[in-house]
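> dropping a prediction and its sequence here:
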Amino acid sequence: MSVKLFLPMKYKQCENDILLEELYQSLAVEKKLIPLSYIPFAIDDGGYPYCINANDDKIYIGYLEDYDGSPESTIRFISDSLIKFIYGMKTEDEAYNL
């Protein structure tokens, strides 16, 4: 897994950026692809959202193509906390032993 980008919260850096709130509105509220308590904060290389669960503060990824009519069907556990998720990140060089 890799993080392509962390979602901006308030200001877009370029016209194509999507704000955290905009992605939440689209995925959780409008399309109901992720549960309402899951807040997307980053996107991986495949376009899947990394989310923090507002109820337990754990990190999950939403595999949106796994949607089977239930928002919970897309969610997979990643990490016990945002801190562990961040500290567990590696640079490309570290990940590929370059």
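Thanks, I have the structure now. Residues are numbered from 1 along each chain as shown.
> surely Leu36 meets Gln25?
No - proximity of Leu36 to Gln25 does not meet the contact threshold set by Cβ atoms under 8 Å, at 10.9 Å. Heads up, the C-betas are built off the backbone N, CA and C, glycines and all.
> report all helices and strands that the helix or strand where Ile43 lies contacts.
Ile43 belongs to strand 38-44 when assigned by DSSP states H and E. Strand 38-44 sits against strand 3-6, helix 20-24, strand 49-53, strand 59-62, with contacts defined as 3 or more Cβ pairs under 8 Å, 6 or more residues apart in numbering; DSSP states H and E.
> can you tell me which of the ones you listed comes nearest to Pro40?
Among the helices and strands packed on strand 38-44, the nearest to Pro40 by Cβ to Cβ is strand 49-53 (3.6 Å).
> and Asn16, how many neighbours?
The tally of other residues near Asn16 (other Cβ atoms under 10 Å) stands at 6.
> would it count as being in a strand?
No - read with DSSP: H, G, I helix; E, B strand; the rest coil, Asn16 is coil and lies in no strand.
> next, give phi and psi for it.
Torsion angles at Asn16 (phi, psi; degrees, to the nearest 10) stand at phi -80, psi -10.
> number of nearby residues for the residue lying closest to Tyr63 once chain neighbours are set aside?
Nearest-residue entry for Tyr63: Thr74, 5.4 Å, with adjacent residues in sequence omitted and distances by Cβ to Cβ, 6 or more residues apart in numbering. Burial of Thr74 is recorded as 23 neighbouring residues (other Cβ under 10 Å).
> is it true that Thr74 touches Cys51?
No - look at Thr74 against Cys51 with Cβ under 8 Å: they stay out of range, at 9.6 Å.
> which neighbours do those two share?
Listed contacts common to Thr74 and Cys51 are Ile34, Gly62; contacts here mean Cβ atoms under 8 Å, 6 or more residues apart in numbering.
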